[in-house]
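Participant: coords below, sequence missing:
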């Protein structure tokens, strides 16, 4: 069962353990670039990487692609499943999940499972589907361990 809100989504696994899924930090926060080097401190034990893209901000897709590529190259995140939320689908002019997938070159990803989910965090559309996918990846990993 996934619960959204606060600083992340908490999912309860098959064996009753609880894991925190942290949403990707918003890169527009003041000082964000200065704290990116510290993200590495939180990579150990990551079960699922959730990356939220502002689908309405078409001008930053290249920058987002670069940031995601750097994140996926991190050794501690090797093989960790990736869920991309293509957010703000409720806004006029937002890129589709397919367009975001192309812009991020997701098809070229190998060595990890990935999914892109169209969503509107404001309306709640697509969040449950995305989190269900994420929880299923964790359960599959737990059952194979």
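Facilitator: That came in fine, so what should we check first? What you see is a predicted model, and the numbers here were worked out from it, not measured in a lab.
Participant: which residues does the residue nearest in space to the middle of the chain form a beta bridge with?
Facilitator: Geometric centre of the chain, nearest residue: residue 50, 1.8 Å, by CA atoms, centre = their mean. Beta-bridge partners of residue 50, counted by DSSP bridges, are residue 23, residue 83.
Participant: just checking, it touches residue 83?
Facilitator: Yes - Residue 50 lies in contact with residue 83 (CB atoms under 8 Å); the separation is 4.9 Å. (Each C-beta comes from the backbone N, C-alpha and C, glycine too.)
Participant: shared neighbours of the two, anything?
Facilitator: Common contact partners of residue 50 and residue 83 (CB atoms under 8 Å, 6 or more residues apart in numbering): 130, 134.
Participant: residue contacts, residue 123?
Facilitator: Counting by CB under 8 Å, 6+ apart, residue 123 makes contact with residue 90.
Participant: need the pLDDT of it.
Facilitator: With respect to pLDDT, residue 123 scores 96.
Participant: so which strand or helix has it?
Facilitator: Residue 123 is part of no helix or strand, with elements assigned from DSSP states H and E.
Participant: ok, now how distant is it from residue 133?
Facilitator: For residue 123, the distance to residue 133 equals 19 Å [CB to CB, to the nearest Å].
Participant: cool, and residue 63?
Facilitator: 26 Å.
Participant: more neighbours: the two, which one.
Facilitator: The residue with more neighbours, out of residue 63 and residue 133, is residue 133; 17 against 11, by other CB atoms under 10 Å.
Participant: which residue sits closest to residue 121, ignoring its sequence neighbours?
Facilitator: Counting by CB to CB, 6 or more residues apart in numbering, residue 87 is the residue found nearest to residue 121 once chain neighbours are left out, at 5.5 Å.
Participant: hmm, that neighbour is touching residue 51, no?
Facilitator: No - Residue 87 is beyond contact range of residue 51, at 10.2 Å (criterion: CB under 8 Å).
Participant: between these two, which is the more surrounded one?
Facilitator: Counted by other CB under 10 Å, residue 87 and residue 51 do not tie: residue 87 has more neighbours, with 25 against 20.
Participant: residue 56: what's it in contact with?
Facilitator: 88, 91, 93-95.
Participant: what is the nearest of these to residue 70?
Facilitator: residue 95 (21.2 Å; CB to CB).
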